[in-house]
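Engineer: have a look at this fold, sequence not included:
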């Protein structure tokens, strides 16, 4: 999940703005998760299937 759409329950502002300590802490935690943290499991599975298909095509 990306933090640009989240709304803070503490201050009711977008988390991306980081207006309160809760927003800033959540934003830091979400940024540290890595590049694939926001990708859904279905998208990861589709990527894996495409990768296997590409390897199979190269092996032929």
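Structural biologist: Arrived safely, thanks for sending. This structure is a prediction, so every number in the text was calculated from the model and none was measured. Residues are numbered from 1 along each chain as shown.
Engineer: hey, let's count contacts and neighbours off CA atoms from now on
Structural biologist: Fine.
Engineer: poorly predicted segments of the protein, please.
Structural biologist: 1-3, 33-37 (pLDDT under 70).
Engineer: correct me if wrong, but residue 56 is in a helix.
Structural biologist: Yes - counting by DSSP: H, G, I helix; E, B strand; the rest coil, residue 56 is part of a helix.
Engineer: burial of the residue lying closest to residue 14 once chain neighbours are set aside, as a residue count?
Structural biologist: Spatial nearest neighbour of residue 14, excluding adjacent residues (Cα to Cα, 6 or more residues apart in numbering): residue 7 at 4.4 Å. When neighbours are counted by other Cα atoms under 10 Å, residue 7 registers 15.
Engineer: distance of residue 7 relative to residue 21?
Structural biologist: With distances taken as Cα to Cα, to the nearest Å, residue 7 is found 13 Å from residue 21.
Engineer: which SS class is the residue positioned nearest the centre of the chain?
Structural biologist: The centroid of the chain falls nearest to residue 38 when counting by Cα atoms, centre = their mean (1.5 Å). What three-state DSSP gives for residue 38 is coil.
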